[in-house]
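Undergrad: just to be clear, the model below is a prediction. Sequence and coordinates:
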Amino acid sequence: QVQLVESGGGLVQAGGSLRLSCAASGSIFSINAMGWYRQAPGKQRELVADISSGGHTSYLDSVKGRFTISRDNAKNTVYLQMNSLKPEDTAVYYCNADYITRLSPVRQRSWGQGTQVTVSS
């Protein structure tokens, strides 16, 4: 079992910045892709950004140029630096990881518990 623990959410004014962190722990053999999703009230969960084990990144069009995803493989941690935040970025942000454990060669996925990001206008 692998656990993902997020931190860094909060309330910020429009134009401000926040940095989210997500640390994975447990019987990890290797982590492939890691990503950040978000879900606003009444909307479906959407992929905000993801990063491969080799560092290749992709972003939701609406956050390109404002958000940056990065990871520290030694710490099994993924980050999301969010700049120039807008009220429409308000959502619960979830971390996701695609991994293999020491107990099984089957690829699995886990979600974090979510962290609230609120951007006031």
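TA: Structure received. Just so it is clear, the model here is predicted, and its values are computed rather than measured. Numbers count the residues shown, from 1 in each chain.

Undergrad: so in terms of bridging, what pairs with the spatially most central residue of the chain?
TA: Nearest residue to the geometric centre of the chain (Cα atoms, centre = their mean): residue 36, 2.6 Å. Judged by DSSP bridges, the bridge partners of residue 36 are residue 49, residue 95.

Undergrad: my guess is it contacts residue 45, does it?
TA: No. Using Cβ atoms under 8 Å, residue 36 is not in contact with residue 45; the gap is 10.8 Å. Using the backbone N, CA and C atoms, a C-beta is placed for each residue, glycine as well.

Undergrad: which residues do these two both contact?
TA: residue 94 (Cβ atoms under 8 Å, 6 or more residues apart in numbering).

Undergrad: neighbouring contacts of the helix or strand harbouring residue 34?
TA: Per DSSP states H and E, residue 34 falls inside strand 28-39. Strand 28-39 is touched from outside by 2, 20, 22, 24, 45-53, 69, 71, 73, 76, 78, 80, 89, 91-102, 107, 114, 117, with contacts defined as Cβ under 8 Å, 6+ apart.
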